[in-house]
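A.B. asks: Generate coordinates for the sequence data below:
(one chain, ligands or ions: 2)
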Amino acid sequence: MTTAERAKEPLITDDWRVSSRIYRDPTIFARELSRVFGRTWVFVAHESEIPTGGDYKTAYIGRQPLIVNRAADDGAINVMFNRCRHRGSAVCQREFGNANFFRCAYHGWTYNSAGELVGVPFDDGYGPDFDKAAMGLVHVPRAESYRGFVFVSLDPSIEPLADYLGNARRYLDFIADIGVSGPELVSHAHKLVYRGNWKLQIENTIDPYHFSFTHKSWLDILKDRTGKSSPWVKNVRTNPDWRGIDLGGGHAVHEYGRLEQAGENAHAIGIGELIPFNLNIFPSLAFVGAHLRLVVPRSVDETWVYLYPLLPKDADEHVRDRILRDHEIFYGPAGFGSTDDIEVGFDRVMRGIEGSASPADWTLMSRGLDREVVDEAAGIRIGRSSDEVPQRAYLRRWLGLMEDCDE
Ligand code: FES
Ligand SMILES: [Fe+2]
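C.D. replies: Residues are numbered from 1 along each chain as shown. Ligands and ions are numbered 1, 2, ... in the order given. Modelled structure (predicted):
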C-alpha cells in the first residue's frame, strides 16, 4: 500500500482497528489542536491553586499559553493569553506565584491583574490614535468553574460547562466532596515529559488490563511487604463491580466497586486510594488514586503530564503526609509506576508503531466490544474491568470532532 493510499484509509474502522497515523502524523496533530482542543472545555486550574487576590498560574489549552489568575481587586478569576500585545513575548514565565502586575521583560509593557495595559515605556511613540484600553491581555472566549474546577474554551458558542460534563458530573461531585470541605491542590504538581503522543497517556489512565503486566515489579514489592498477593488480577478478571463505563461525550470511568459503597472496596495496590475510581474527562483531565492528572500536548511526539496530589482540606497532617508519600512511591520521579508506563506504554509503543510499512499499521481497540452493555436511556456503555470501553469512549468523541465538516 502506498503512503497516498494509506492516507485515505479510515482512522478508525467499525471493528475498532485504529490507524497508527493518529499517534505519529503531524498533520493529524495540527488538526487535533483546532478540532479537539479548540472546541471543547479544557481544564486549566483548581480554585485552591489561586486562593487570594493576585495569585496566578500559567497553563495551556492545547499549545495556547495562558495566565489564570485571581484579580487583585475584585477576586474574579481571569484567563488570558500569555502573550504580550507588543511583539508577542510570553509575559509570565513562572508556573505559579502572586503578582498585582505582569511586566513583559522584552520592552517593559505592563498589565494589571485584570490584563489591562497600564504602562508603556516611552509611550510618545504611537501617535494620538493609540488606544491603550484596547491593548490589554486578551481573555479567552469562555471560562467557567464547576465546583472549584476551572475550565476554558476557545469556542465562544460551546455549551455550558455543566452540560458538557454530563454523566461525568456525578464523579466530579464525589471528588469535590472529598473530606469535610473538598480537596485542595496546594502541593502543586510534579511534571513529567515523555516523547510520545498525548493520547497514549489518556488510553493508559483507565486501563486495568495493563497493570499486572507493566507494573509486575510493584505488585511483587507489595507482596514482599504484606506477605500476600494483591487481589488485583482476580478483581480485574471476575469482580462484577469493577467496571469500565463510557459516560458519553468522550468521558469515561473505571469503578473499583459501586460508588454508593465507596471505601468498602479498596483496590489495595498501595498507590493512594482517595478516589474509588479512575476518571477521564475529555479531552485531557483525569483523576487516579489520589491525584488530578492533566495532559498537555506539545507536539505529535511530545507530551507534558502534570500530576497534582489531591489533599482533603480538613485532613490532619498525618493523613496529608500519607497521601503524598503514597503518591510519590508510585508516581513520583523515583517512583515505581510512572516510569513503567513511560517506558512500556509510551516509548515502546512509539517505537513499535514506526513500523508503518507493516500491512497491519493499526492497533486493536476492540476488547470487550461484543459484551459491553449499552444503556441508551442513560447514554452509557458498561464493560468489564479489562475491556477497552474507556478507550473507545474517548476515541469515539475524538473521531466525531476530527471528522466534523462544520468548520
Ligand atoms: S514584546 Fe512585550 S514589551 Fe515588547
Ligand atoms: Fe500504569
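
A.B. asks: Number of residues surrounding Ile206?
C.D. replies: 25 (other CB atoms under 10 Å). Yep, even glycine has a C-beta here, placed from its N, CA and C like the rest.

A.B. asks: Excluding chain neighbours, what is closest to it?
C.D. replies: Pro390 (3.8 Å; CB to CB, 6 or more residues apart in numbering).

A.B. asks: Name the nearest residue to Leu401, sequence neighbours excluded.
C.D. replies: Arg35 (4.7 Å).

A.B. asks: Check which residues of the one helix or strand the residue nearest to Ile206 maps to are buried.
C.D. replies: Pro390 is part of helix 389-403 when elements are defined by DSSP states H and E. Neighbour-count burial for helix 389-403 flags 389-399, 401-402 (criterion: 16 or more other CB atoms under 10 Å).

A.B. asks: again with stretch 291-303
C.D. replies: His291, Leu292, Arg293, Leu294, Val295, Val296, Pro297, Val300, Asp301, Thr303.

A.B. asks: just the CA coordinates of the helix or strand in which the last one is found, formatted as PDB?
C.D. replies: The one in question is Thr303. Thr303 is part of strand 302-309 when elements are defined by DSSP H and E. What follows is strand 302-309, C-alpha atoms only, in PDB (Å, rounded to 0.1, in the frame of the first residue of the first chain):
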ATOM      1  CA  GLU A 302       6.000  15.200  23.000                       C
ATOM      2  CA  THR A 303       3.600  15.400  25.900                       C
ATOM      3  CA  TRP A 304       3.700  17.000  29.300                       C
ATOM      4  CA  VAL A 305       1.800  15.500  32.200                       C
ATOM      5  CA  TYR A 306       1.100  17.300  35.400                       C
ATOM      6  CA  LEU A 307       0.200  15.300  38.500                       C
ATOM      7  CA  TYR A 308      -1.400  17.200  41.400                       C
ATOM      8  CA  PRO A 309      -1.900  15.300  44.600                       C
END
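
A.B. asks: The spatially closest residue to Asn239 that is not a sequence neighbour: what's it in contact with?
C.D. replies: Distances taken as CB to CB, 6+ apart put Ser385 closest to Asn239, at 6.8 Å, once the chain neighbours are dropped. Neighbouring residues of Ser385 by CB atoms under 8 Å, 6 or more residues apart in numbering: Pro208, Tyr209, Asn235, Val236, Arg237, Asn239, Trp242, Arg243, Gly244, His254.

A.B. asks: Residues of the stretch 101-250 of the chain that sit close to ligand 1?
C.D. replies: Within the stretch 101-250 of the chain, the residues that sit near ligand 1 (CB under 6 Å from any ligand atom) are Cys104, Tyr106, His107, Gly108, Trp109.

A.B. asks: Can you turn the buried part of these into a PyMOL selection?
C.D. replies: This is how PyMOL selects the buried members of these, with burial counted by 16+ other CB under 10 Å:
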select buried, resi 104+109
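
A.B. asks: Out of the residues of the stretch 101-250 of the chain next to ligand 1, which comes closest to Arg195?
C.D. replies: Using CB to CB, Tyr106 is the member of those that lies nearest Arg195, at 30.8 Å.

A.B. asks: so when I look at that closest one, I'm seeing a strand, right?
C.D. replies: No - counting by DSSP: H, G, I helix; E, B strand; the rest coil, Tyr106 is not part of a strand but coil.
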